[in-house]
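1. Curious how this folds, go ahead:
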Amino acid sequence: MSNPLISIVCPLYNAERFITLSLQSALNQSFQDFEIIVVDDGSSDRSSELVNKLISKDSRITLLQEIHHGIATTRNIGIKRSHGELIAFLDADDLWHPDKLSQQLSSLRQHPEAGIISCLSVLIDEENKILGWIGGVNLNGMVYKHTLERNGISCGSIPLIKKECLYEVGLFDPKLTAASDWDCWIKITKHYPLFTIPKPLVGYRRSAISTTKNYDQIMEDSKNVLKKIDNISKRFYNYCLSRCASTTSGLCIVDKNLEEAWKYMIQSIKIDPLSYLKDFHRLKILLLLILITILPHNIRMPIINYLIKLTFKSKPGKQFDLEYRKL
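-> Numbers count the residues shown, from 1 in each chain. Sure thing, here's the model as predicted:
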């Protein structure tokens, strides 16, 4: 397919357990005018072998094999080899709802001025079960300041982006290991509107290969992203960095790493204690962490799951909504 509307760029690194399922979730989209560019970032497992099996059955998939560069450069390589007017990213362990692309295209037709079409995500475990946490923010319009304060795009597998916007503002920064996506969304939303479909159309997986398990790197990259912002005040810098630390604490809670969760929560409070008086999201993570810490183990999870269900309107334990095309 020489001129598909959408190019799906899939960075791949040692994801043999998940890559077939992830690509199936793309191939099973209700919208079918796309190509898939898988960029193998120097994997040492069977990932590329599994991709080649899918290529033998669907010629829309292309596999590029590279030495290990990191996710930012890997995404850039995929973008430069793409043919579509629109770019979607699919991390090798995440999943898409079958209507993800079609709903985003419908939103783009309603808002042709948009640079990015976003949606929400739901956290899933290694068995595709929903953990209950809904990620993302329902932001619409010129949301540059909101994107600085809180990254409303919860993972890299969410956005549908006009390729011309990426080239205008610059591609992913290879110097950033864990926050190159946030940096990119900031650059785009400074110049273009963003619109969000308020539905969890992406299964964002927490697994052993998740790049967002390098918590210290997240914080270091977050500092570097904020330092790139022109004329940012010290007060606003601290407000945003405190938010990054509280979000990292939330990821630690999901990963059941309470010691690290408290480490980043304390960092967040020290950086900007007053922010907890006006940001309910940060306060909610703090209260959840306190509950998890003080509750007896045998009653902890039922109460936590109830609170998650009540807060996020999600059902922990349910399978992520997938329909498979037989390959």
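2. okay, CA-based contacts and neighbour counts for the rest of this
-> Fine.
3. could you measure the residue positioned nearest the centre of the chain against residue 179, distance?
-> Nearest to the geometric centre of the chain sits residue 155, at 0.6 Å (C-alpha atoms, centre = their mean). Going from residue 155 to residue 179 by C-alpha to C-alpha, to the nearest Å gives 10 Å.
4. Next up, phi/psi of residue 159, please.
-> Per-residue torsions, residue 159: phi -70, psi 150 (degrees, to the nearest 10).
5. and it, what does it touch?
-> Each residue near residue 159 by C-alpha atoms under 8 Å, 6 or more residues apart in numbering is listed here: 88-89, 116-119, 153.
6. Just the ones of those in strands?
-> 88-89, 116-119 (DSSP state E).
7. Just send these back as TSV, with neighbour count too.
-> Compiled in TSV, those are given as follows (neighbours: other C-alpha atoms under 10 Å):
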residue	neighbour count
88	24
89	22
116	29
117	26
118	29
119	28
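8. pretty sure residue 174 contacts residue 70?
-> Yes: contact criterion C-alpha atoms under 8 Å: residue 174 and residue 70 qualify, at 7.4 Å.
9. re the thing from before, what strand or helix carries the residue nearest to the centre of the chain?
-> In this assignment (DSSP states H and E), residue 155 forms part of neither any helix nor any strand.
10. who touches it in this structure?
-> Shown here is residue 155, whose contacts under the criterion C-alpha under 8 Å, 6+ apart are 121, 204.
11. residues near the residue nearest to residue 61 when sequence neighbours are not counted, how many?
-> Among residues not flanking residue 61 along the chain, residue 36 sits closest, at 4.6 Å (C-alpha to C-alpha, 6 or more residues apart in numbering). The number of residues packed near residue 36 is 26, by other C-alpha atoms under 10 Å.
12. Dihedrals phi and psi, residue 36?
-> Note on residue 36: backbone dihedrals following degrees, to the nearest 10 are phi -120, psi 120.
13. Tell me who's in contact with it.
-> Residue 36 touches 7-10, 60-62, counting by C-alpha under 8 Å, 6+ apart.
14. roughly how far apart are it and residue 96?
-> From residue 36 to residue 96 the distance is 14 Å (C-alpha to C-alpha).
15. for residue 200, same thing?
-> 9 Å.
16. more neighbours, the two?
-> A count of neighbours by other C-alpha under 10 Å puts residue 96 above the other of residue 200 and residue 96, at 29 against 22.
17. Look at the more buried one and report its pLDDT.
-> Per-residue pLDDT puts residue 96 at 96.
18. For it, which non-adjacent residue is closest in space?
-> In space, residue 96 is closest to residue 202, 4.7 Å off (C-alpha to C-alpha, 6+ apart).
19. Ok, residue 250 next?
-> residue 285 is the one closest to residue 250 (C-alpha to C-alpha, 6+ apart), at 6.2 Å.
20. helices and strands around whatever helix or strand that neighbour lives in, which ones?
-> Using DSSP H and E, residue 285 sits within helix 280-294. Contact here means 3 or more C-alpha pairs under 8 Å, 6 or more residues apart in numbering; DSSP states H and E; on that basis helix 280-294 packs against helix 234-254, helix 258-271, helix 297-312.
21. Buried residues in that helix, which are they?
-> Going by neighbour count (16 or more other C-alpha atoms under 10 Å), the buried part of helix 280-294 is 282, 285-286, 288-289, 292.
22. Noted, bye for now.
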